[in-house]
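K.L.:
Have a look at this fold, sequence not included:
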């Protein structure tokens, strides 16, 4: 039930996101302004993520997710009406997306921490592979449909259909009923909340594998994030319309689904640290290829490769950090992780927009790919234990951490 609801909801969110990029391109031709949406999406994560992690560990995670999904849906309805009435401005879009981002900040730790309560520990890696597949199936359907929606129905329907899609995950969560998980139920005080935040930060600091993977994820995605530039690539370099833009937007997700299907059938995957590092570096190389592309099919192929390597690193990172984290700490761990895996791409969009404004879109993309490769090398040099991490250590260390927490 969770998987189906998640897939439908994510398809709606991706449809809205890529329609939003196109909508912004219709409102302005300045890359720096369009890429500002990344900053709008990141600020709530930066300011509220630690609080959201404490909330995920203190309150019912299923009920929290229902509320956050509802809030996102209402903001999508407002976006649709503003577009329908033709009264949309960049600042109105930024404000409504900011409201959605606040809801997402509380949604991610609660929802991610819920998954280990739904499957046995030994099946967690497969569960995250299937969750990634669901996300990327949604990432294929949403963007590819968004182009058709823009052409035949109008951009407001991309927002309204996204609002409807949130009902799928809300219905699934209601149908599940109560879910047993280790949640700390204590009276809410400022000092207690601050102590919980500090405990989460200390846990990450004392977990070098989780910390190094998070740092690599942040800098890799920071340099290689240029999604907001895709409308410029489509219109100004490839000279294609909304429908082809939709397929370009879906290409990364197609690659990630391929990886997810493969990994969902693999058990006891070894050399996980090496795989994370190599996949981040390959992600950067594929980004360079995308920046050099001047044909639709080469651009689509390079985006597919980006999705393959991004999916490989994401699935392994998700699995390792969940196995190394006790249930009572998962919300706080995910809230800190969220700052890294959301902050990297969203701040990277701002960086890409500024560089594109000054030096051009191709240079912004190519230089970002080079930065991603360098980031992978520097992190491994700083944390050599990540490269040596094999995978079986996660199960052993995870069991010890669980016992210590108990």
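P.N.:
Done, it's in. Nothing here was measured: the structure is a model prediction, and the numbers come from that model.
K.L.:
Span of stretch 113-123 from start to end?
P.N.:
15 Å (CA to CA, to the nearest Å).
K.L.:
For that stretch, buried residues please.
P.N.:
113-116 (16 or more other CB atoms under 10 Å). Heads up, the C-betas are built off the backbone N, CA and C, glycines and all.
K.L.:
and which of the residues you listed is nearest residue 384?
P.N.:
Checking those against residue 384 by CB to CB gives residue 116 as the nearest, at 29.0 Å.
K.L.:
measure the closest one to residue 198 for me?
P.N.:
Counting by CB to CB, to the nearest Å, the separation of residue 116 from residue 198 is 23 Å.
K.L.:
What of residue 273?
P.N.:
28 Å.
K.L.:
of the two, who's got more company?
P.N.:
residue 273 (24 against 12; other CB atoms under 10 Å).
K.L.:
what sits against that one?
P.N.:
Residue 273 makes contact with 209, 385-390 under the criterion CB atoms under 8 Å, 6 or more residues apart in numbering.
K.L.:
Where neighbours are concerned, which of those residues has the most?
P.N.:
residue 389 (25 neighbours).
K.L.:
mind checking how far that residue is from residue 381?
P.N.:
15 Å.
K.L.:
Which of the contacts of residue 273 sits closest to residue 313?
P.N.:
The nearest member of the contacts of residue 273 to residue 313, counting by CB to CB, is residue 386 at 11.6 Å.
K.L.:
doesn't residue 212 make contact with that closest one?
P.N.:
Yes: Residue 386 is within contact range of residue 212, at 4.3 Å (criterion: CB atoms under 8 Å).
K.L.:
Between these two, which contacts overlap?
P.N.:
residue 379.
K.L.:
Check which residues of the helix or strand containing residue 312 are buried.
P.N.:
Using DSSP states H and E, residue 312 sits in helix 296-323. Residues of helix 296-323 classed as buried: 296, 299-323 (neighbour count, 16+ other CB under 10 Å).
K.L.:
Can you pull out the residues in contact with stretch 25-43?
P.N.:
Outside stretch 25-43, the residues that touch it by CB under 8 Å, 6+ apart are 20-21, 24, 88-90, 93-94, 97-98, 101, 104, 155, 225, 228-229, 231-232, 235, 342-343, 345-354, 356-357, 361, 364.
K.L.:
let's see it at 7 Å
P.N.:
24, 90, 94, 97-98, 101, 228-229, 231-232, 342-343, 346-347, 349-350, 352-354, 356-357, 361 (CB atoms under 7 Å, 6 or more residues apart in numbering).
K.L.:
Let me know the average pLDDT across that stretch.
P.N.:
Averaged across stretch 25-43, pLDDT comes to 79.
K.L.:
Residue 162 touches residue 16, doesn't it?
P.N.:
Yes: contact between residue 162 and residue 16 holds when scored by CB atoms under 7 Å: they sit 3.9 Å apart.
K.L.:
Find residues that contact each of those two.
P.N.:
With CB under 7 Å, 6+ apart, residue 162 and residue 16 have common neighbours residue 76.
K.L.:
ok, residue 71 - contacts?
P.N.:
By CB under 7 Å, 6+ apart, the neighbours of residue 71 are residue 103.
K.L.:
Now with 10 Å, please.
P.N.:
99-100, 102-104, 106-107, 166 (CB atoms under 10 Å, 6 or more residues apart in numbering).
K.L.:
cool, and residue 131?
P.N.:
2-3, 6-7, 10, 111-112, 115, 260, 264, 315, 318.
K.L.:
Now with 7 Å, please.
P.N.:
3, 6, 115.
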